[in-house]
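Student: Here is the input, now give the coordinates:
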Amino acid sequence: MPVFVRGQRVNERWLVMKKLGEGQFAEVYEVRDISIKEGNCRFAMKVEKRRDVRSVKQEHKVLTR
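Tutor: Coordinates of the predicted model:
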């Protein structure tokens, strides 16, 4: 299940446009800065998913080989 949905506002500043992708630990969204009145300022927002200790230890083990 996605963390955010299209059209959702985040912290009264960001408007979620669409989900760009996801990995095991995070999701990436295209967002628009609604505090900027001129132009169409779009950014990428990376949102970490909840991590459990086991998967963090497993990732560490793989990366230190």
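Student: Am I right that His60 is in a strand?
Tutor: No: His60: not assigned to a strand; according to DSSP: H, G, I helix; E, B strand; the rest coil it is helix.
Student: what residues are up against it?
Tutor: Contacts for His60 (CB atoms under 8 Å, 6 or more residues apart in numbering) come out as none. For the C-beta atoms, the positions are set from N, CA and C on the backbone; glycine is no exception.
Student: what about it, distance to Gly23?
Tutor: Using CB to CB, to the nearest Å, His60 is found at 16 Å from Gly23.
Student: One more: Lys46?
Tutor: According to CB to CB, Lys46 and Gly23 sit 10 Å apart.
Student: Between those two, which has more neighbouring residues?
Tutor: Neighbours were counted for Lys46 and for Gly23 using other CB atoms under 10 Å; Lys46 has more, 13 against 9.
Student: Determine the three-state secondary structure at that one.
Tutor: Assigned with three-state DSSP, Lys46 falls in the strand class.
Student: Tell me who's in contact with the nearest residue to Glu48 once chain neighbours are set aside.
Tutor: Residue nearest to Glu48 in three dimensions, not counting chain neighbours: Ala26, with 4.9 Å by CB to CB, 6 or more residues apart in numbering. Neighbour list for Ala26: 46-49 [criterion: CB under 8 Å, 6+ apart].
Student: can you redo these as JSON lines with pLDDT?
Tutor: Below are the contacts of Ala26 laid out as JSON lines (pLDDT from 0 to 100):
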{"residue": "Lys46", "pLDDT": "92"}
{"residue": "Val47", "pLDDT": "90"}
{"residue": "Glu48", "pLDDT": "83"}
{"residue": "Lys49", "pLDDT": "78"}
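Student: out of those residues, who's nearest Val10?
Tutor: Nearest to Val10 out of the contacts of Ala26 is Val47 (CB to CB; 9.1 Å).
Student: Identify the bridge partners of that closest one.
Tutor: Beta bridges link Val47 to Glu27, judged by DSSP bridges.
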